[in-house]
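**Q** Got a predicted structure plus its sequence, pasted below:
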Amino acid sequence: MIALEKRPQPSRGWTAGAPVIAVALTMLAGGALFAALGADPLEAIRVIFWDPLFHPQFAAYSRPQLLVKAGPLILIAIGLAIGFRAGVWNIGAEGQYIIGAICGAGAALAFYPSASPLIFPLAVLAGAAGGFAWGMIPALLRVRFGTNEILVSLMLVYVAEAVLASASSGLLKNPEGMGFPGSRNLAQWEATANPELVAGTGMHWGVVAAFAAVIAAQVLMARHILGFQIQLMGAAPRAARFSGVNAARITLVSLGLAGALAGMAGLFEVTGPAGQITIDFGSGYGFTAIIVAFLGRLNPIGILAAGLLMALTYIGGELAQLMLGLPAAAIQLFQGMLLFFLLAADVFANYRIRIGRREVG
């Protein structure tokens, strides 16, 4: 008989090694997937992980894109990780990302065509406020009525996508856009442009905000009483209640902060790489950031490394589609394997395998 036996304490070795094991297993399973699709598995892995950084033909373009792609993933994942550490499961960051972009773009476009330098900071605040408000919906419903924040936050993603479609073809539609849905191009408007701060690096204000969020989250979780309360509530809810931790307050803070960071990520994206509000603005960053948060072990520094790795799969995946003809769905499946194998490896951090004979009685 094979059974799983819970460990008295999680294994430190398995906990530390799970991300490495997950990446290795993802490469093996991904290679098998690519082989089944008719591609050379070793070549596919090389194109995804090596060529974007070191190939002389592609590196000059791909390296700056690494920070462009990683910025929103890290920013959103930091907010999610704080909530996950508290046992607050926000699965709707994609909706908060979309609403933040809409609110930020709307606040900026209200002043078009002004070139005031105050418009961009206003848009950032509006984006954060929009994401915060969207995150507070599941927070208040959980605190007031005990609803499940997983379902509420996830369902709100579809509401946000409907709002996005309406705004793209209605309220924010470019009056000079020849009737096509979509807002004015904010990346080309001087007041809201979010270009590279250092040429050739891909670093814009969204990347700066992501790095600042990593530092702030590390200080919060390691040095602040609120960070201790968040971790205590997630690890031992009953002990947290007995020690006076306000669970409702932690829930509101966790979902509100995650929403604000996701909203900021949406604003930085719409003023930078995306450029405008469109019907298909939602890029899946909010869902991919869940993988980044867990791959980074819910640790800010780990999330920074995981965000860069996941950004590399985005860039390498696009390159693999171009060079090897792999379908986009295969790349998305490859990314999803990371979370699958990480969760599988985490099982062995908390359980050990016992093999014995089944008792017959």
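**A** The structure has been received and is ready for your questions. Every value quoted in this text rests on a predicted model; they were computed, and no experiment measured them. Numbering: from 1, shown residues only.
**Q** I'd like to know how many residues surround the residue nearest to Ile119 when sequence neighbours are not counted.
**A** Spatial nearest neighbour of Ile119, excluding adjacent residues (CB to CB, 6 or more residues apart in numbering): Ala191 at 4.1 Å. Any C-beta I mention is one placed from the backbone N, CA and C, and that applies to glycine too. Ala191 has 20 neighbours, counted by other CB atoms under 10 Å.
**Q** wait, Ala191 sits on Ala110?
**A** No. Taking contacts as CB atoms under 8 Å, Ala191 lies outside contact range of Ala110: 11.3 Å.
**Q** quick one on the thing from earlier: where does the residue nearest to Ile119 land in three-state SS?
**A** Under DSSP: H, G, I helix; E, B strand; the rest coil, Ala191 falls in the coil class.
**Q** What of Ser114?
**A** coil.
**Q** How about the contacts made by the residue lying closest to it once chain neighbours are set aside?
**A** Computed as CB to CB, 6+ apart, the closest residue to Ser114 that is not its neighbour in sequence is Ala191, at 6.2 Å. With contact taken as CB atoms under 8 Å, 6 or more residues apart in numbering, Ala191 is in contact with 108, 111-112, 114-117, 119-120.
**Q** Can I get these in JSON lines including distance to Met1 and pLDDT?
**A** As requested, the contacts of Ala191 are arranged in JSON lines below (distance: CB to CB, whole Å; pLDDT from 0 to 100):
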{"residue": "Ala108", "distance to Met1": "64", "pLDDT": "95"}
{"residue": "Phe111", "distance to Met1": "70", "pLDDT": "94"}
{"residue": "Tyr112", "distance to Met1": "70", "pLDDT": "92"}
{"residue": "Ser114", "distance to Met1": "73", "pLDDT": "92"}
{"residue": "Ala115", "distance to Met1": "73", "pLDDT": "90"}
{"residue": "Ser116", "distance to Met1": "72", "pLDDT": "93"}
{"residue": "Pro117", "distance to Met1": "70", "pLDDT": "92"}
{"residue": "Ile119", "distance to Met1": "67", "pLDDT": "96"}
{"residue": "Phe120", "distance to Met1": "64", "pLDDT": "96"}
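**Q** Which of these sits closest to Val20?
**A** Each of the contacts of Ala191 was scored against Val20 by CB to CB, and Phe120 proved nearest at 40.2 Å.
**Q** Which residue is the nearest non-sequential neighbour of that closest one?
**A** Thr192 (5.4 Å).
**Q** Can you give me the neighbour number for Pro175?
**A** Neighbour number of Pro175 under other CB under 10 Å is 6.
**Q** Just say helix, strand or coil for it.
**A** coil.
**Q** now it: how far from Phe132?
**A** Pro175 sits 30 Å away from Phe132, taking CB to CB, to the nearest Å as the criterion.
**Q** need the contact list for the residue most central in space within the chain.
**A** Residue closest to the average C-alpha location in the chain (CA atoms, centre = their mean): Ala289, at 2.0 Å. By CB under 8 Å, 6+ apart, the contact list for Ala289 reads 72-73, 76-77, 80, 93, 262.
**Q** redo that, cut-off 6 Å
**A** 73, 76-77, 80, 93 (CB atoms under 6 Å, 6 or more residues apart in numbering).
**Q** Let me see the confidence value for it.
**A** Looking at Ala289, its pLDDT is 95.
**Q** can you dump the C-alpha coordinates of the helix or strand hosting it into PDB?
**A** Using DSSP states H and E, Ala289 sits in helix 285-295. Extracted in PDB, the C-alpha atoms of helix 285-295 (Å, rounded to 0.1, in the frame of the first residue of the first chain):
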ATOM      1  CA  TYR A 285      -1.200  39.100 -16.900                       C
ATOM      2  CA  GLY A 286      -3.500  38.900 -13.900                       C
ATOM      3  CA  PHE A 287      -3.800  35.100 -14.200                       C
ATOM      4  CA  THR A 288      -0.100  34.500 -15.100                       C
ATOM      5  CA  ALA A 289       0.800  36.500 -12.000                       C
ATOM      6  CA  ILE A 290      -0.700  33.800  -9.800                       C
ATOM      7  CA  ILE A 291       1.900  31.400 -11.300                       C
ATOM      8  CA  VAL A 292       4.600  34.000 -10.600                       C
ATOM      9  CA  ALA A 293       3.500  34.400  -7.000                       C
ATOM     10  CA  PHE A 294       3.600  30.700  -6.200                       C
ATOM     11  CA  LEU A 295       6.800  30.100  -8.200                       C
END
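**Q** In the stretch 201-350 of the chain, mark out all the helices, start to finish.
**A** 205-223, 225-235, 237-242, 247-270, 285-295, 300-324, 328-350 (DSSP state H, counting those that start in this stretch).
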